[in-house]
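Chemist: A structural model of the following input is requested.
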Amino acid sequence: MSKRQWIKEVFQGKKVNQVPIGFWYHFTSEEDWTEGLNDPSIAVKNIQGHKHFVETVHPDFVKLMSDGFFDYPNPIIHSEIKSIEELAAIQSIGEKHPWFDQQVSLVQSIKENFPEDIFTVYNIFAPATYLKWKLAGQVSSGDDILADFIKSNPKLTQHVLDVIGQDIAILVERLIKEADTDGIYLSVQTLQDQRVTKSDYLEVVRPSEVNLLEVANRLGGLNILHICGYEGATNDLSLFVDYPSQVVNWATGIEKLSLADGKSYFGDKVVLGGFDNTKAGLLYQGSQDAIQSRVREILDETAGDKVIIGADCTIPGDINLERLQWVREVLVR
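Modeler: Sure thing, here's the model as predicted:
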């Protein structure tokens, strides 16, 4: 069985002989994350970073990083927008936009360097994430702005998110069909603003997120839902229990939900995680014995079934890669 087929069976929830691991980190600086469309050198760094990672770590599967393309290039959306009504005329960026072409090309170039047939998922952010970052003019910002818009005009905000989501769906389709990507890694996050209620999220934000997973599923994708706890963000996990992904990843410590409990919470889906992703965490700082002890704990609590051992989110780029091998050593049979 090829490595790719093995991981397909894992994502499908089938019983396998070995629990896989899944870790990833950025191959570019934060200043690069939104600038790839205008700077081809960022794609080169991303390609070279993946090549080094695959050659050094020999990963069980690869989450393809979308570094350089965090900015959704719709000209109607910018940081000077003061009300959602200013976006009422939003339209698609068009199927021929280079933002699509360059990401498909990026993935194809990354995969050309693979020494074997490896399962891949591509990093996709939720439409709400692309929108709030664009409105704020920077990554990891804009929750308050989007919350303002949801509270002032939820119907129009949903429409804007749907248009963005339709564009992202174009990207998802092209990645699966043209770049032979096995699925997507959809990053979602509850808006970090208490004014946005559960019903607000379900009505306004959820439809555009679920649609992306449904599109990927229709195309045969096997997908990870990542409920992002970046920089300590907390989420109402109940919002995501029925999202149609095959695998779920969340910050187990921050959300106070273990992998074992998460399996039942999310309807017996495959779960991914178990390690804190920060520089203060065990994976980055702990001894070999401590890390391997934690792996055994995860195996015990999950019975080694429907589980992928990984981290809450992207791990630090300067981590000693030997630490990932310490994790694997416990699992290899």
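
Chemist: every contact and neighbour count from this point should use C-alpha atoms.
Modeler: OK.

Chemist: for the helix ranked longest in the chain, the averaged confidence score.
Modeler: Scanning the chain for the helix with the most residues, using DSSP state H, yields helix 154-178. Average pLDDT, helix 154-178: 98.

Chemist: so which bits of it are buried?
Modeler: 154, 156-176 (16 or more other CA atoms under 10 Å).

Chemist: can you classify residue 273 by secondary structure?
Modeler: strand (DSSP: H, G, I helix; E, B strand; the rest coil).

Chemist: still on that earlier bit, what lies in contact with the longest helix of the chain?
Modeler: 84-85, 87-88, 90-95, 100, 104, 107, 126-128, 131, 149-150, 181-184, 200, 203-205, 207-209, 211-212, 215-216, 219, 221 (CA atoms under 8 Å, 6 or more residues apart in numbering).

Chemist: same check, this time on stretch 241-253
Modeler: Under CA under 8 Å, 6+ apart, the answer for stretch 241-253 is 11-13, 210, 213-214, 222-229, 258-259, 265-267, 269-274, 276, 311-313.

Chemist: rerun that using 6 Å as the cut-off
Modeler: Residues from elsewhere that reach stretch 241-253 (CA atoms under 6 Å, 6 or more residues apart in numbering): 223-227, 229, 258, 266, 269-272, 312.

Chemist: output that stretch as CSV, nothing but the C-alphas.
Modeler: Only the C-alpha atoms of stretch 241-253 are listed here, as CSV (Å, rounded to 0.1, in the frame of the first residue of the first chain):
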residue,chain,number,x,y,z
VAL,A,241,-20.2,19.4,15.4
ASP,A,242,-22.0,18.6,12.1
TYR,A,243,-19.6,20.2,9.6
PRO,A,244,-19.2,17.6,6.9
SER,A,245,-15.4,17.0,7.2
GLN,A,246,-13.7,13.6,7.6
VAL,A,247,-11.2,14.8,10.2
VAL,A,248,-11.4,17.4,13.0
ASN,A,249,-8.6,19.3,14.6
TRP,A,250,-8.9,21.7,17.6
ALA,A,251,-6.8,23.1,20.5
THR,A,252,-7.4,20.4,23.0
GLY,A,253,-6.0,22.3,26.0
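
Chemist: please enumerate the strands of the chain.
Modeler: For the chain, strands defined by DSSP state E occupy the ranges 21-22, 61-64, 119-125, 183-188, 224-227, 247-250, 270-275, 307-311.

Chemist: if anything else comes up later, I'll come back, but that's it for now.
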